[in-house]
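Chemist: Could you work out the structure for the sequence below:
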Amino acid sequence: MKKLAFIIAFLFAPVVLSAQLSQYTAGKVQQAQKLQLEDKVSAAIVLLREMDISRAYDQAFVNRMLGVYYWQDGKPALSIQRLTQSIESGLLDDEYLRSTQRMLADILLSQAQYQKALHYYYPLSQSIPATEKADELWLRIAQANYQLEEWRSVLSAIQQYERVHQQKEVQPLSLKLGAQLQLQQYQSALPTLSSLITLEPQKVVWWRQLAGIEMRLERRKQAIETLALAKRQGVALSQQDLKTLGQLYAQEGMPEKAARIFASLDNSDSLLDLLISRATYWQMAKEWDKAIETWRKAVQLDTQYRWQLSTLLLQEGHYQLALNELDKLQIKGKQAEIELAKVCAYYKLENLELAIVHAKKADNLESTKASQSWIKYLNQLRDMES
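Modeler: Model prediction:
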């Protein structure tokens with residue numbers, strides 16, 4: 001924004017001397033222009049500033065030139081001051097007046113004086129000559145309103161911009177998207193994001209925002225398609241993006257895909273939360289061996305997950321392995337349940353004596369219908385065998 005194209009084009013355009021200028025001023029202006037063309041802008045400024053000007057029109061014209069030269073010399077505050085004085089004189093011809101107003105507006109925009117810039121932009125937008133690019137003017141208006149967080153005015157300006165500029169481009173679309181998101185116009189933001197993805201298919205933020213809006217609109221399947229397509233196309237999705245994709249797979253009844261996504265994450269075998277999610281998804285997918293393997297890894301990081309491993313081993317008929325894990329378990333408030341799990345394992349291993357021992361232990365810790373039923377049933381079996 002510091003070297004706006006409009007201003008630069010104006011800087012190097014030859015000054016057309018007005019017939020209204022006095023001979024003295026016209027001569028000085030020509031000298032100043034020659035110095036400027038020789039890259040002696042500071043000297044041109046000194047020459048114009050030291051002029052003895054008595055005519056109001058001459059002063060307005062010279063102020064306009066000084067505004068240009070101060071900008072080129074890196075002194076925007078002085079540039080704004082001189083251009084403002086030139087405009088407010090009310091003496092500039094219409095052609096000079098419009099170009100000066102536009103130049104001042106662009107400089108004000110570049111200096112973050114957005115409200116003041118709009119003070120000039122909006123009147124200029126009322127009647128745009130064919131020689132001027134209307135799309136550039138409306139884009140500037142959108143930029144200023146964006147900085148002022150005037151979101152509806154941003155959309156209005158972009159709408160005007162799109163009427164005269166049919167080709168899709170990133171900058172106006174970005175402004176439009178920002179305003180739509182701020183106004184929570186999520187449905188309208190979807191085609192905007194699709195256009196941005198078409199223009200910048202490797203920019204991860206567009207894919208992420210599209211998936212986020214789809215989730216907000218409870219379109220989880222579309223969110224999955226968005227993130228999965230981004231992954232296939234080699235977009236640099238973050239670890240959080242991939243976790244979101246995995247969670248979406250699980251929510252939509254595809255736990256195996258969820259587990260595979262979590263297995264592909266960085267440090268998937270060393271971060272406890274990732275291991276727990278993965279093991280849970282493998283269980284949901286009824287991939288018992290993979291779930292057991294993953295729970296084992298989780299136990300190595302935190303022994304409290306030995307219970308999940310034990311019960312799954314028991315479920316899958318690995319009774320001795322289950323007992324090995326259950327013997328290591330010490331969970332406050334869960335000892336009775338642990339003893340009942342041992343009862344089941346010993347029963348399956350046809351060791352009635354130890355099954356009865358642990359059933360009684362469970363009943364002593366917490367007498368329940370389950371513990372009483374086991375004791376009665378196991379005693380009956382033992383009596384039958386004897």
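Chemist: need the next SSE after the lowest-mean-pLDDT helix or strand in the chain, C-terminal direction.
Modeler: Sorting the helices and strands of the chain by mean pLDDT, DSSP states H and E puts helix 5-11 at the bottom, at a mean of 49. Once the chain leaves helix 5-11, the next helix or strand it forms, by DSSP states H and E, is helix 23-37.
Chemist: which strands and helices sit next to that next one?
Modeler: Contacting helix 23-37 under the criterion 3 or more Cβ pairs under 8 Å, 6 or more residues apart in numbering; DSSP states H and E are the following elements: helix 41-49, helix 56-72. The way it works is simple: take the backbone N, C-alpha and C, and place the C-beta from them, glycine included.
Chemist: count of neighbours near Lys286?
Modeler: For Lys286, the neighbour count with other Cβ atoms under 10 Å is 10.
Chemist: was I right about Ser42 contacting Asp73?
Modeler: Yes - the criterion here is Cβ atoms under 8 Å, and Ser42 meets it with Asp73 at 6.1 Å.
Chemist: Leaving aside the residues adjacent along the chain, what's closest to Asp266?
Modeler: Gln239 (5.9 Å; Cβ to Cβ, 6 or more residues apart in numbering).
Chemist: Would you mind giving the helices and strands packed on helix 23-37 as JSON lines with distance to Gln184 and mean neighbour count added?
Modeler: Output for the helices and strands packed on helix 23-37, formatted as JSON lines (distance: least, Cβ to Cβ, whole Å; neighbours: other Cβ atoms under 10 Å):
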{"stretch": "helix 41-49", "distance to Gln184": "49", "mean neighbour count": "18"}
{"stretch": "helix 56-72", "distance to Gln184": "40", "mean neighbour count": "22"}
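Chemist: Export those helices as a markdown table, with columns for distance to Ser153.
Modeler: Below are those laid out as a markdown table (distance: least, Cβ to Cβ, whole Å):
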| stretch | distance to Ser153 |
| --- | --- |
| helix 41-49 | 36 |
| helix 56-72 | 27 |
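Chemist: Reformat the ones you listed as JSON lines; add mean pLDDT and distance to Tyr121.
Modeler: Output for the helices and strands packed on helix 23-37, formatted as JSON lines (pLDDT from 0 to 100; distance: least, Cβ to Cβ, whole Å):
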{"stretch": "helix 41-49", "mean pLDDT": "96", "distance to Tyr121": "27"}
{"stretch": "helix 56-72", "mean pLDDT": "95", "distance to Tyr121": "17"}
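Chemist: out of the ones you listed, which comes closest to Gln20?
Modeler: Ranking the helices and strands packed on helix 23-37 by proximity to Gln20 (Cβ to Cβ) places helix 56-72 first, at 5.2 Å.
Chemist: So which other helices or strands are in contact with that closest one?
Modeler: Packing partners of helix 56-72 (3+ Cβ pairs under 8 Å, 6+ apart): helix 5-11, helix 23-37, helix 41-49, helix 76-88, helix 94-110.
Chemist: Of all the residues in the longest one, which ones are buried?
Modeler: Neighbour counts over helix 94-110 (16 or more other Cβ atoms under 10 Å) mark 96-110 as buried.
Chemist: Give me the mean pLDDT for that helix.
Modeler: Summarised as a single mean, pLDDT over helix 94-110 is 93.
Chemist: That helix to helix 56-72, inter-axis angle?
Modeler: Going by axes from the mean of the first three to the mean of the last three Cα atoms, to 10 degrees, helix 94-110 is angled at 30 degrees with respect to helix 56-72.
Chemist: Please look at Asp135 and Tyr161 and confirm they touch.
Modeler: Yes - using Cβ under 8 Å, Asp135 is in contact with Tyr161, at 5.3 Å.
Chemist: Name the residue in the two with the higher neighbour count.
Modeler: The residue with more neighbours, out of Asp135 and Tyr161, is Tyr161; 22 against 19, by other Cβ under 10 Å.
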